[in-house]
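Engineer: Here is a sequence with its predicted model. Questions after.
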Amino acid sequence: MSERTSEPSSTYVYVLAMLLGAATGYVNVRVEDLMLTAVMVTTFAMFLAFLRPEHPWRWAVVVSAIIPIGEVVAFKMTGQKLNRAGISEAILAVLPANAGAYGGAALRTVIRELWKPKQQMK
C-alpha cells in the first residue's frame, strides 16, 4: 500500500493562488516593473505546481487570471488611471506562469523519483 503524505487541501491552495495573483497585480501597479511581475508570477506558479503537480496549467491560469483584479484594486487604492500597457502585461503574464508551473511539476516529479522508498527484495 502506498503511504499517504499530508498535502494541503485543494481549496486552500486555490485561495493561496488567488491571493498570490492579486499580490502580483498590486506589485505590478505599485512598482511598475514588468520583470519583477514576471519573476513573481513564475515563482508563485512554480510553488503551487510543486504543491499540486497533477495539472500544472491550472496554477498558471489561476495566478494569471487574478492579476488584473489585483491591478484594479491597486488603481482604486492609489487613484491612478488604468492604462492599456498594464492590462496587456497582466494578460501576457500567463506565459512565464506556464513555464514556472511546468517547471515546478517537473521538479516535484524528479524529487519523488530520487527519494522514493526502497522496495524490499525477496
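Structural biologist: Thanks, I have the structure now.
Engineer: Ala106: helix or strand, and which one exactly?
Structural biologist: helix 94-114 (DSSP states H and E).
Engineer: Between helix 94-114 and the host helix or strand of Ala45, find me the angle.
Structural biologist: In this assignment (DSSP H and E), Ala45 forms part of helix 34-51. Relative orientation of helix 34-51 versus helix 94-114 (axes from the mean of the first three to the mean of the last three CA atoms, to 10 degrees): 40 degrees.
Engineer: Centre of the chain to helix 34-51, how far?
Structural biologist: Remark: helix 34-51 is offset 5 Å from the chain centroid, using CA atoms, centre = their mean, to the nearest Å.
Engineer: May I see the buried residues of the very next helix or strand once past that helix?
Structural biologist: Note on helix 34-51: by DSSP H and E, the next helix or strand toward the C-terminus is helix 56-78. Within helix 56-78, the residues that qualify as buried by neighbour count (16 or more other CB atoms under 10 Å) are 56, 58-68, 70-72, 74-75. C-beta here means a position set from N, CA and C on the backbone, and glycine is covered the same way.
Engineer: buried stuff in the lowest-mean-pLDDT helix or strand in the chain?
Structural biologist: The helix or strand of the chain with the lowest confidence, counting by mean pLDDT, DSSP states H and E, is helix 84-92 at a mean of 80. Residues 86, 89-90 are the ones in helix 84-92 that count as buried (16+ other CB under 10 Å).
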